[in-house]
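S.K.: Build me a structure from this.
(one chain, ligands or ions: 1)
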Amino acid sequence: MLSHHADDGKRTSLHGFWSSRMAFILAVTGSAVGLGNIWRFPYVAGENGGGAFVLVYLVCIVAIGMPVMMSEILLGRRGRRNPVATMELLGREEGSSRHWRYVGLLGVIAGILILSYYSVIAGWTLSYVVKSATGTFVDASKAAVIADHESFKLDTLAMSLVHTLFIGSTIFVVARGVERGLEQAVRFMVPALLIMMIVLLGYSITSGSFATGVEFLFKPDFSSLGWNSILVAMGQAFFTLSIGMGAIMAYGAYLPEETSISGASATVVAADTAIAILAALVIFPLVFANDLKVDEGAGLVFQTLPLAFGQMPGGAFFSTVFFILLSFAAWTSAIGLMEPAVAWLVEQFNRSRAQAAVIIGGIVWLIGFASVFSWNIWREFTFFQGTVFDNLLFLTNQVMLPIGGVFITLFASWVMCRNSTAEELGGSGGLYKAWRLGAQVIAPLGILTVLFFAIKSAVS
Ligand code: PHE
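M.R.: This is a model prediction of the structure:
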């Protein structure tokens with residue numbers, strides 16, 4: 001077995017380290033920024049009434065997201081293994097139980113389930129690259145863009161194909177080892193995406209309905225906000241920050257000792273939030289200007305943006321670039337979704353990285369067909385939250401990630417001794433106290449309260 005201890009008595013990672021603090025921040029940002037920001041945030045904000053929802057979301061990002069993210073990085077770096085082994089090791093080391101490993105296992109399963117539908121939507125973006133490049137949207141009418149989207153969703157074969165393409169390319173990079181390629185990809189992708197969003201924002205400001213869009217997003221009307229919407233906002237905060245399932249813990253395992261965890265977390269949270277808000281600022285004015293439905297759901301981005309691009313000068317070009325960037329963003333997130341499961345197979349079952357990637361990717365690929373079919377041959381098959389796809393989203397984002405978050409924060413802040421956490425977070429000053437308050441009380445209590453009232457209002 002490999003040694004877990006470096007000469008100075010500290011554990012070292014089994015897979016090497018990030019080359020720099022920046023590499024870590026880039027990898028985590030790459031994992032955080034993805035479909036969650038550009039595809040999901042606008043559509044859930046639209047479905048849940050805008051302003052009040054956005055406000056609750058932002059509160060969740062700060063009050064729950066920050067402490068959970070810091071806890072995850074801290075645990076990852078302390079354990080230096082895959083999330084399952086890290087939780088087991090730290091559980092024993094801190095005089096608690098090895099059963100904490102089940103928290104890691106829950107994350108591995110959540111990652112696989114999320115990636116199964118994530119890959120399908122990422123497949124949509126791939127096919128929108130092709131549609132854009134071939135001029136499908138140039139001067140297209142609203143009816144034409146919508147009809148094209150609807151017929152795409154009914155096309156089982158096309159959707160299966162792009163899902164396969166996406167998961168295949170993810171398996172490929174994960175198998176080859178991620179660090180270098182990932183770093184390069186993110187270094188280019190995040191700024192490029194930001195620039196594209198700003199170009200789009202410029203267009204959307206001139207669309208004539210900018211004020212209406214801004215008002216929808218930032219003027220809270222709490223009368224329309226139920227517990228279910230609050231749960232959706234909280235789940236979205238988890239999903240968009242990639243927290244609650246061990247992705248960040250797995251990345252933290254490769255983090256050098258000297259990096260500031262709070263600094264890295266704040267940077268990632270700020271970048272992720274900025275991109276989500278920008279996306280919504282682009283989309284809603286366009287929705288109102290074109291008289292589209294705010295509560296369109298999962299298709300929202302795939303209808304508004306192509307319509308807007310189609311009317312812009314050079315739209316085919318911009319649209320192609322945009323969907324390429326979005327596919328990249330999805331891809332760097334998919335790598336993060338796979339990492340806990342892959343690292344676990346490698347360490348626990350002595351698999352090579354390539355074997356692990358193929359096994360996990362294969363499972364994800366198969367499960368993904370449940371989401372493919374949810375838009376066509378199984379679309380009438382609905383229960384509880386809706387289609388199988390809707391239920392997978394609910395189960396992962398609204399249940400598994402928040403519950404993972406509760407256990408992660410409770411473990412880091414109550415089970416681990418103060419010395420261990422203070423050492424990881426660099427001292428016991430004001431920042432440390434803020435984290436501790438967040439992780440001991442605010443985050444777990446907040447999460448459990450929202451879950452409790454959401455369940456209560458659902459059954460009554
Ligand atoms: N945060 C990613 C997004 O917003 C999704 C994700 C969730 C990635 C969990 C990794 C882990 O698209």
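
S.K.: Near the ligand, which residues of the chain are found?
M.R.: Counting by CB under 6 Å from any ligand atom, the chain comes close to the ligand at 31-32, 34-37, 114, 239-240, 242, 245, 247, 333, 336-337. From N, CA and C alone the C-beta is placed, and that goes for glycine too.

S.K.: hmm, 8 Å instead?
M.R.: Selection of the chain residues close to the ligand by CB under 8 Å from any ligand atom yields 31-37, 39-40, 110-111, 114, 118, 238-245, 247-248, 272, 329-330, 333-334, 336-337, 401.

S.K.: So which of those residues sit within helices?
M.R.: Among these, the residues falling in helices (DSSP state H) are 31-32, 35, 110-111, 114, 118, 238-241, 247-248, 272, 329-330, 333-334, 336-337, 401.

S.K.: Neighbours of the residue in the chain positioned nearest to the ligand, how many?
M.R.: Closest approach between the chain and the ligand, counting by CB to the nearest ligand atom: Gly36, at 2.0 Å. Counted by other CB atoms under 10 Å, the residues lying close to Gly36 total 26.

S.K.: Same check on Asp221?
M.R.: 12.

S.K.: and what of Gly177?
M.R.: 14.

S.K.: In the lowest-mean-pLDDT helix or strand in the chain, which residues are buried?
M.R.: Ranked by mean pLDDT, DSSP states H and E, the weakest helix or strand in the chain is helix 179-205, scoring a mean of 80. Applying a neighbour-count criterion of 16 or more other CB atoms under 10 Å, one finds 182-183, 185-186, 189-190, 192-194, 196-197, 200-201, 203-205 buried in helix 179-205.

S.K.: closest to Gly104 among those residues?
M.R.: Leu182 (22.0 Å; CB to CB).

S.K.: What are the contacting residues of stretch 449-458?
M.R.: Here stretch 449-458 makes contact (CB atoms under 8 Å, 6 or more residues apart in numbering) with 226-228, 230-231, 234, 398-399, 402-403.

S.K.: Quick one: the helices in the stretch 1-150 of the chain, in order.
M.R.: Using DSSP state H, counting those that start in this stretch, the helices assigned to the stretch 1-150 of the chain run over residues 21-32, 35, 41-47, 51-60, 66-79, 83-93, 101-133, 142-154.

S.K.: Out of the ones you listed, which one sits most buried?
M.R.: Of those, the one with the most neighbours on average (mean count of other CB atoms under 10 Å) is helix 66-79, at a mean of 28.

S.K.: Where does pLDDT dip in the stretch 301-450 of the chain?
M.R.: By pLDDT under 70, the stretch 301-450 of the chain contains no weakly predicted segment.

S.K.: Compare the helices of the stretch 1-150 of the chain and give me the one nearest Phe323.
M.R.: Per CB to CB, nearest to Phe323 of those: helix 101-133, 4.3 Å.

S.K.: just how off-centre is the closest one within its chain?
M.R.: Once both centres are worked out by CA atoms, centre = their mean, to the nearest Å, helix 101-133 turns out to sit 9 Å from its chain's centre.

S.K.: ditto for stretch 415-427
M.R.: On the basis of CA atoms, centre = their mean, stretch 415-427 sits 27 Å off its chain's mean C-alpha point.

S.K.: Show me the contact partners of it.
M.R.: So stretch 415-427 is contacted by 70, 74, 77-78, 90-91, 94, 96, 100, 260-262, 412-413, 428, 431-432, 435-436 (CB under 8 Å, 6+ apart).

S.K.: again, only this time at 6 Å
M.R.: With contact meaning CB atoms under 6 Å, 6 or more residues apart in numbering, stretch 415-427 is reached by 74, 78, 94, 96, 261, 428, 432.

S.K.: who's in contact with the first one?
M.R.: Think Leu74. Contacts for Leu74 (CB under 6 Å, 6+ apart) come out as 261, 412, 424.

S.K.: rerun at 8 Å
M.R.: Residues counted as contacts of Leu74 (CB under 8 Å, 6+ apart) are 252, 261, 412, 421, 424-425.

S.K.: Out of those, give me the two with the largest separation.
M.R.: Pairwise distances across those (CB to CB) peak at 13.3 Å, for the pair Gly252 and Thr421.

S.K.: Same drill for those two, tell me which one is more crowded.
M.R.: Taking other CB under 10 Å, Gly252 and Thr421 do not tie; Gly252 has more neighbours (31 against 22).

S.K.: Next one: Gln348 relative to Thr134, how far apart?
M.R.: 46 Å (CB to CB, to the nearest Å).

S.K.: my read: Leu154 touches Trp375, true?
M.R.: Yes: if you go by CB atoms under 8 Å, Leu154 and Trp375 touch, sitting 7.1 Å apart.

S.K.: Count the residues that sit near Leu395.
M.R.: By other CB under 10 Å, the residues close to Leu395 number 16.

S.K.: Same check on the one 5 residues further on?
M.R.: The tally of other residues near Met400 (other CB under 10 Å) stands at 22.

S.K.: nearest spatial neighbour of it, skipping sequence neighbours?
M.R.: The shortest distance from Met400 to any non-neighbouring residue, by CB to CB, 6 or more residues apart in numbering, is to Ala110 (4.3 Å).
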